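>>> Build the 3D model from these lines:
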Amino acid sequence: MSIRTERVASLFQREIAGILGTEFADQLHPMVTVTGVRVTADLSIAYVYVSVMGDSAGQKKAVVAKLKDLTPRVRKSLGRAIRHQVKSIPEIRFFLDESLEHASRMDELFGQIRQERSGRDASETDTED
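Residues are numbered from 1 along each chain as shown. As a prediction, the model looks like this:
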């Protein structure tokens, strides 16, 4: 990404996070965090990645579906917030960001491997004595 698109993506991330946290907080029951925004080179499409604090995958997908329903209203609010900073407001597309869950799962797996290795190392020292 160019410096311009990175700056615009950062601006969109801040503004959309604020909009979701204030204007639409009552409609999005679990906590929604905007984890990243990627924009196309021509700034016509903004891909918004969100993390949803929820119990089940179905609940998270329901929140993303709700965000997709709210997209026109979010875009309108974004337009009001940044109308003097960009020429046009891009099309917004929401996606569920599951990278935090994947990282957590990897941490669990590495922890299990460490436990297995430490158990194996302890049993090897017992047999050598």
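
>>> C-alpha coordinates for stretch 55-63, CSV please?
Output of stretch 55-63 as CSV, limited to C-alpha atoms (Å, rounded to 0.1, in the frame of the first residue of the first chain):
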residue,chain,number,x,y,z
ASP,A,55,-19.2,-17.2,22.8
SER,A,56,-20.0,-19.0,19.5
ALA,A,57,-19.0,-18.8,15.9
GLY,A,58,-22.7,-18.4,15.0
GLN,A,59,-23.1,-15.4,17.3
LYS,A,60,-20.0,-13.8,15.7
LYS,A,61,-21.3,-14.4,12.2
ALA,A,62,-24.7,-13.0,13.2
VAL,A,63,-23.0,-9.8,14.3
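
>>> wait, isn't residue 20 in contact with residue 32?
Yes. Counting by Cβ atoms under 8 Å, residue 20 touches residue 32, with 5.6 Å between them. Quick note: C-beta positions are derived from backbone N, CA and C, even for glycine.

>>> Touching both of these two, which residues are there?
Common contact partners of residue 20 and residue 32 (Cβ atoms under 8 Å, 6 or more residues apart in numbering): 50, 67.

>>> show me the biggest helix of the protein in terms of residues.
helix 99-128 (DSSP state H).

>>> And that one, what does it pack against?
Packed against helix 99-128, as judged by 3 or more Cβ pairs under 8 Å, 6 or more residues apart in numbering; DSSP states H and E, are no other helices or strands.
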